[in-house]
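A.B. asks: Dropping the sequence and predicted coords here.
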Amino acid sequence: MAEESIHSEIGRETSGHAVFPPFQSETFASQLLWLAISFGVLYLLMSKVALPRIAGVLAARKSAIASQLDDAAAMQAKAKDASDAHDKSIAEAKARAQALAQQARDRLAGEADASRKSLESELAAKMAAAETQIAETTAKAMANVDAIASEAAHAIIERLSGKPAAADVVAQAIAVAKQS
């Protein structure tokens, strides 16, 4: 008996098995009523409490993200401006460096040209002095050549012929040899 009272409390038996209480046809109406009440309360809680909070959180996140994107865009613009200013300063520095290098090249080229001209003028003066000295030495040597040639010719003729040579004949032979 105790067993039957347990089965009757749980539900009626069908072919020796107890029926699951939610599937009992006698309780369908009350179950549907509680389902509608539960669904309505849940819907009201969701629509009045939970969803507005979620919408607020989403709106706050959206505004925070938009603010951060605006800040990022501003920082990117500042970075681009800084980069442009840096590039400009580098270009100006390169231009100044090239100008300084060109000035240095021009100055050194001028100094080298002046030094070269000075050296060339010194060498030209030394060359002129050397040519003058060579001309003087050549003139002295040529003046002595006539006397030496005359003495040598006299000595050769005397040695070959055994007689002294005539001075006018030797002078004539030297003059003919100079011309050729």
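C.D. replies: Thanks, I have it.
A.B. asks: Next secondary structure after the longest helix along the chain?
C.D. replies: The residue-count maximum for a helix in the chain (DSSP state H) belongs to helix 51-161. Where DSSP states H and E defines the elements, the next helix or strand beyond helix 51-161 is helix 167-179.
A.B. asks: Report the angle between that next one and helix 51-161.
C.D. replies: Angular relation of helix 167-179 and helix 51-161 on a 0 to 180 degree scale: 160 degrees, by axes from the mean of the first three to the mean of the last three Cα atoms, to 10 degrees.
A.B. asks: Tell me which other helices or strands helix 167-179 touches.
C.D. replies: Helices and strands touching helix 167-179, by 3 or more Cβ pairs under 8 Å, 6 or more residues apart in numbering; DSSP states H and E, are helix 51-161. All C-beta atoms are positioned from the backbone trio N, CA, C, and that covers glycine.
A.B. asks: what about the helix it packs on, distance to the chain center?
C.D. replies: Put simply, helix 51-161 sits 23 Å off its chain's centre (Cα atoms, centre = their mean, to the nearest Å).
A.B. asks: same deal with stretch 163-180?
C.D. replies: Averaged C-alpha coordinates place stretch 163-180 at 86 Å from its chain's average position (Cα atoms, centre = their mean).
A.B. asks: which parts of it are buried?
C.D. replies: Buried residues in stretch 163-180, defined by neighbour count with 16 or more other Cβ atoms under 10 Å: 165, 170, 174.
A.B. asks: Just the CA trace of it, in CSV.
C.D. replies: Output in CSV follows, covering the C-alpha atoms of stretch 163-180 (Å, rounded to 0.1, in the frame of the first residue of the first chain):
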residue,chain,number,x,y,z
LYS,A,163,154.9,72.2,-90.6
PRO,A,164,153.0,74.9,-88.9
ALA,A,165,149.6,75.8,-90.4
ALA,A,166,148.7,79.2,-91.8
ALA,A,167,146.4,81.1,-89.4
ASP,A,168,144.2,82.5,-92.2
VAL,A,169,143.6,79.0,-93.7
VAL,A,170,142.7,77.5,-90.3
ALA,A,171,140.3,80.4,-89.6
GLN,A,172,138.7,79.9,-93.0
ALA,A,173,138.2,76.2,-92.4
ILE,A,174,136.7,76.9,-88.9
ALA,A,175,134.3,79.4,-90.4
VAL,A,176,133.2,76.9,-93.1
ALA,A,177,132.7,74.2,-90.4
LYS,A,178,130.6,76.5,-88.3
GLN,A,179,128.2,77.3,-91.1
SER,A,180,127.5,73.7,-91.9
